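Participant: Turn this into a structure:
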Amino acid sequence: MREMLLTKHEVAERLGLSPETVSRMARRGELPSRMVAGRYRFDPDEIQEWLDRQRVPARAGDEQ
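Facilitator: Residues are numbered from 1 along each chain as shown. Predicted coordinates:
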């Protein structure tokens, strides 16, 4: 069974952002989202894929 769509509050908690930032990013098209009954909803798989694409490669000399 596929996971349920997430609310902006659930995404905010997972990403360490405020719900307002999540809404702003969705509105700007920076975060994958859907509108359901006038509210943003987020597919957990799409959020994970988006997060994976945000990785910054480690550079030589950078501390972990």
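Participant: From now on I want contacts and neighbour counts done on CA atoms only, so please keep to that.
Facilitator: Will do.
Participant: ok now do the residue nearest the centre of the chain, which residues does it touch?
Facilitator: With distances taken as CA atoms, centre = their mean, the residue of the chain nearest its centroid is residue 47 (4.4 Å). Going by CA atoms under 8 Å, 6 or more residues apart in numbering, residue 47 touches 31-32.
Participant: which element is it on?
Facilitator: Using DSSP states H and E, residue 47 falls within helix 44-53.
Participant: Now do the buried residues in that helix.
Facilitator: Of all the residues in helix 44-53, those buried under the rule 16 or more other CA atoms under 10 Å are 44, 47.
Participant: any idea how far it is from the chain center?
Facilitator: Relative to its parent chain, helix 44-53 has a centroid offset of 7 Å by CA atoms, centre = their mean, to the nearest Å.
Participant: can you check stretch 15-33 too?
Facilitator: With CA atoms, centre = their mean, you get 7 Å for stretch 15-33.
Participant: do the same with stretch 30-45
Facilitator: That offset, for stretch 30-45, works out to 9 Å (CA atoms, centre = their mean).
Participant: Endpoints of that stretch, how far apart?
Facilitator: Distance between the two ends of stretch 30-45: 16 Å, counting by CA to CA, to the nearest Å.
Participant: Provide a list of residue ranges in the chain with pLDDT below threshold.
Facilitator: Counting by pLDDT under 70, the chain contains low-confidence residues at 1-2, 62-64.
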